[in-house]
Structure formats: C-alpha cells, structure tokens
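> Show me the folded form of this:
(4 chains)
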2 protein chains.
Amino acid sequence: MRRAEVPPRRRKGDFDMSFAAGADLGLLIRKLKSIITVSDAERSAIERLPMTRRQLPARQDIVRDGDHPTQCCLMLEGWAFRYKLLDEGKRQILSVHIPGDIPDLQSLHLPVMDHNLGALTACTVAFIPHEALRELTRTHPGITAALWRDTLVDAAIFREWMTNIGRRSTSGRITHLFCELYLKLHAMGLAENHACEMALTQGDIADAIGVSNVHVNRVLQELRGEGLLTLQGQRLVIHDWAGLTKRAEFDPAYLHLKRAPAP
Amino acid sequence: MRRAEVPPRRRKGDFDMSFAAGADLGLLIRKLKSIITVSDAERSAIERLPMTRRQLPARQDIVRDGDHPTQCCLMLEGWAFRYKLLDEGKRQILSVHIPGDIPDLQSLHLPVMDHNLGALTACTVAFIPHEALRELTRTHPGITAALWRDTLVDAAIFREWMTNIGRRSTSGRITHLFCELYLKLHAMGLAENHACEMALTQGDIADAIGVSNVHVNRVLQELRGEGLLTLQGQRLVIHDWAGLTKRAEFDPAYLHLKRAPAP
DNA sequence: CGCATCGTTGATGGGGATCAATAGCTGTGG
DNA sequence: CCACAGCTATTGATCCCCATCAACGATGCG
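Residues are numbered from 1 along each chain as shown, chains lettered A, B, ... in the order given. Below is the predicted model:
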C-alpha cells in the first residue's frame, strides 16, 4: 500500500494553448460512435467544441478531491486513474482510463470532486469547458444520451470492481483486472494479439484490488509460473486467454461493449 | 458469506394495476426537488407518468442479471438492494435503496442488467415504462439532468464503497455503512435522532463490506462494547455520532446532498 | 554515475475465514 | 396456544492468507 505522497499539481506553462482543430475530438466522436449513431449535425457540433490541449507528466494530478472543476478532461494519449486517499496514506484506485475516455465527466453535474484524477503515464489531454458541454447537451439529446450512457458504463465497472475487491481471491482480482484492461484497450484499437501496455506498477495494482504490493508480487509470480501471462517492464502478454478469463470468472457483459468482444 | 440461494422470481398476481394518481410520484418529485428546482410544467409531466404499483414480499428478486428491462422501478416503501452472485455462491451487495430511489435507472440506457435487484424487506414499488421516461427526458432537459445526476451520485457511492471494502478496517467498514444509511434515510425524512430501521441482517452487512458474517458479528459486539451503537432486531441506534463518524473516517461529501447534513 | 522508484525475497505475526455447534426469534400450521 | 421449521445471531476452535517489516537487487533517469 502506497503511502501518501502528494504529487505536484500541474504548473502553468506545461501546456500549449492550441485550440481544437477537430482532429483531437475525432477520438471523442469515435467513442460516441461506438455507442450511438452520430449524425452529421452532431458530428459538426462536437467538432466545434472549444478545447485546450495539454501535455502532462506522469503521476501528476489533474483534478483533486474537493475541487470545483469548470471543464472536463478528454484523454488523447496516455493513461489516467482516479483514486481516493485515506488516513495513514492508504490509497484506493477507483478506475483506470485510456484514450477516448472522459474520466471526470461526472463533474458536469456533480460540482465538487469526491476523489482525485491523476495522470498515470505522461499523457495528452483536451480540456473542454463545462459550459460548452452543457450547451451541446441542451441542443443534442442524442449526444446527451450517449454521454449519460458513458457515465453509466463507468458505474457498471465500479460495481464489478466492488465485487472484485469484496469477493474474489487475489489471483482472481488480478486476472480480472487484466482481462478488463485488455478488452478496453482492444475495443479502442490499442491492443492486439493478447498483448498490451501495462502502465500500472505492482503498487498500483495492489491499490486497485485492495491488497499489499508484496502480495501482488507473489501472486504475479504464481500466474507467470502457471503460464497464464508475462508481465515485464510495461508490457503485459496474455499467453492463455481462456485460462485467464476462467481464473478471473471474467464475464465482459458489464463493460456493455457494443460489439461482442472477440479477443 | 451467503450461499447461492435463488429467490423466487415475482409471480403474476401479487400486484394491483392501479395506475398512478400522482400521489406516489410525489416521492419522485420530492427526490428531484432535492436536486433541482422543479417547474410546474415539469411537475405536471412527472405526475402524468404512467406507472404500475406493486407489492413485493421480502427477499424477492425484482430484476435479474441478464434481463432486458422495459421499465424502471421507483421505490415507494421498504428497502431494496443490488447484488452480484459469483461462483460458489459468493455474493457481493452493491447498494442499498430506500423510498425515493430508482435503483435500476441505469437500465434506461444500458439494455442488459449486469447485476440483480431484489427486495430487502417487503416493499411497494412503482414501475414506470422506459418509453415514458425517454419521452420525459426528450421533452424536459431539466429532468434529464436531474435523473442523470441521480445516477452519478449512485456512482459516487459505488466509489466510496470500493474504498470502504478495499482499504478500511472491518470496524471502519461497518461504521461507514451505518453512517451512510442513516444520512440517506435522514435526508428522505425517514430517520431522526440518530436512530433508524436497519433492514440488513449481519449476513447482508458481511456481503456488503466483503467479510464473513461471523466476523461482522464479533466486530458489532466490539462497537456495542465501546458504546458507539446498539443494533437490536431491526433497529439501529447510534449513541455517539461523532465517535462513529471518526471511527469510519466518514466524510459525507460523496453523497452530494444538497443541504449540508446536520444529523 | 548516483539516486529514486520499482521489483523481489525472507521472516513473522495477526486478522479474519472456516467449520461446527448452540441459542434466540419468528412465522406457520396443527 | 404450542410445536416445529427455518432463519438469524452467537460462540469456540483452528488454520492460513496476507499484511507488515526489512533488506536487497534491478532498472531507469537526470
């Protein structure tokens, strides 16, 4: 369990103010298209969204517990994660986010943050003002439904994590987490052939599944020993997808992916 | 940990088809009014919602994992809960719901259930067709925002539970759960003076916080011994609210209540 | 090349699961 | 009105999973 290190807040200067050429927002459109049919009018409304592009170093906080954000954060490159800190520095990781995600979309309707959002790796994000998003939802009910749905999938993943932490064995928890991450990456075209980046350290994994980092290390060795997976550096290779999903009791239904997962 | 007993599905006949006189929907309006300002037009649109009233016996499932619901369930009386079942009958309770809640509102945008919803006590519910709710959201953006926000608070509670299960001591988990339930009941006018109904059995509590029922029993005795609370029959009495919230590291911010909690 | 973070390993102890048995409670039916 | 059935709560005994502490490699970066 990681002790309470407070990462530096982002500083002014480490971003460029290039406002959107709709290119970056293509990622958002792609995400929405995986949920609904996007009309031309909707597409063009999205492409007209104002945004600020930013580069963030790894492990830097983006929004903090208690903040009152005025914008949402669209992930363009890199991974982010949400987490809570408790007394004595205990940390619970709540979710992991990849390009296409809007990890703080809830701030559109919940004015105060009840957790932290941080960059896991160095990453590129686009900040979109709440006001622009509110206007978009006022005028485009279809987009509203899609964004709403996106937050509902978020919640569905929370429920699964709760179950993971509360009722699965440690090896089940780890393998379940890996199955989920691989499928999410795969759905966004960021993984193929049962291999993907793994930006989480063993300490991060520990704080995501509610065990100690030492224990994560030992169980990972078991999983390697069984030939289920390899985890070296920042790369996860799944050698036995069927075995992994079985070990994890993994059923992808909770991800509510449009296309059936065929990894 | 409760073994997989499959409760009987609801039968035809145990409900009456009395369609809404807006009386029951007053509860929904009350809930929404705690979130937004409800205009006369909105109020009357809500009161015109079609609904079917039903009486359900305790422990009966309302919607099941894998179902494709065509309606949402508004709690009128009694408690409900959401849960998942794993292999070997392990159960994780995901949330607890009281009058005013719509525990399956997510089904409006996620067609397939990824968990179960069951009656905890005997209860009265109102089923509202998805189609009517969709029409309501099409025509009333304010209500859409309020309902969306409601699902976001739901998700915020999931995050807190995740943290509870993953990183708190057992006594912290139990006390945190009690603080939350008391405050939710209090906010709906269903509890006063640090006392309330407690429909959860020790086994239910165990499955909500990720420990065994035996352990819940022992920790409850400690809490009683410290004079923090009394739990007899179906009644919870909190003797030392300050002590309880401290033990729980309880910060109500995540509930996103409109009025500051003043229990 | 030196420091920091991450990964790895060993030793130790405790929190909590599990099994088993008893007691209390509630509704049901004879 | 009591007996019985079926839950729920309680208690004791045993064991082991996993947290914790500590130390040491490995790795990567400025």
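
> which stretches of the stretch 51-200 of chain A form strands?
Assigned by DSSP state E, counting those that start in this stretch, the strands in the stretch 51-200 of chain A fall at A:52-56, A:61-63, A:71-77, A:80-85, A:91-97, A:116-119, A:123-129, A:195-197.

> Please identify which of these is closest to residue B:28.
Nearest of the strands of the stretch 51-200 of chain A to residue B:28, taken as CB to CB: strand A:71-77 at 28.3 Å. Just so you know, the C-beta spots here come from the backbone N, C-alpha and C atoms, and that holds for glycine as well.

> how far is the closest one from where the chain is centred?
How far strand A:71-77 lies from its chain's middle: 11 Å, per CA atoms, centre = their mean, to the nearest Å.

> Flag every residue of the stretch 151-263 of chain A that's near chain B.
A:151-156, A:158-163, A:165-168, A:207, A:209-210, A:249, A:253-254, A:256 (CB under 8 Å from any CB of the partner chain).

> hang on, the earlier thing: Throw the strands of the stretch 51-200 of chain A into TSV and include mean pLDDT and mean neighbour count, thanks.
Putting the strands of the stretch 51-200 of chain A into TSV (pLDDT from 0 to 100; neighbours: other CB atoms under 10 Å in any protein chain shown) gives the following:
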stretch	mean pLDDT	mean neighbour count
strand A:52-56	94	18
strand A:61-63	97	21
strand A:71-77	97	22
strand A:80-85	98	23
strand A:91-97	98	24
strand A:116-119	98	23
strand A:123-129	96	22
strand A:195-197	96	18
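
> got JSON lines for the ones you listed, with distance to residue B:178 too?
Listed next are the strands of the stretch 51-200 of chain A as JSON lines, based on distance: least, CB to CB, whole Å:
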{"stretch": "strand A:52-56", "distance to residue B:178": "39"}
{"stretch": "strand A:61-63", "distance to residue B:178": "30"}
{"stretch": "strand A:71-77", "distance to residue B:178": "34"}
{"stretch": "strand A:80-85", "distance to residue B:178": "20"}
{"stretch": "strand A:91-97", "distance to residue B:178": "20"}
{"stretch": "strand A:116-119", "distance to residue B:178": "26"}
{"stretch": "strand A:123-129", "distance to residue B:178": "39"}
{"stretch": "strand A:195-197", "distance to residue B:178": "41"}
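
> re earlier: which among the residues of the stretch 151-263 of chain A next to chain B end up buried?
A:151-156, A:158-163, A:165-168, A:207, A:209-210, A:249, A:253-254, A:256 (16 or more other CB atoms under 10 Å in any protein chain shown).

> tell me, which of these make contact with DNA strand D?
residue A:210 (CB under 7 Å from any atom of the strand).

> Can you list which of the buried ones among the residues of the stretch 151-263 of chain A next to chain B are found in helices?
Among those, the ones falling in helices (DSSP state H) are A:151-156, A:158-163, A:165-167, A:207, A:209.

> can you give me the helices for the stretch 1-150 of chain A?
According to DSSP state H, counting those that start in this stretch, the stretch 1-150 of chain A carries its helices in the segments A:25-33, A:40-47, A:130-139, A:141-167.

> With that, I have no additional questions.
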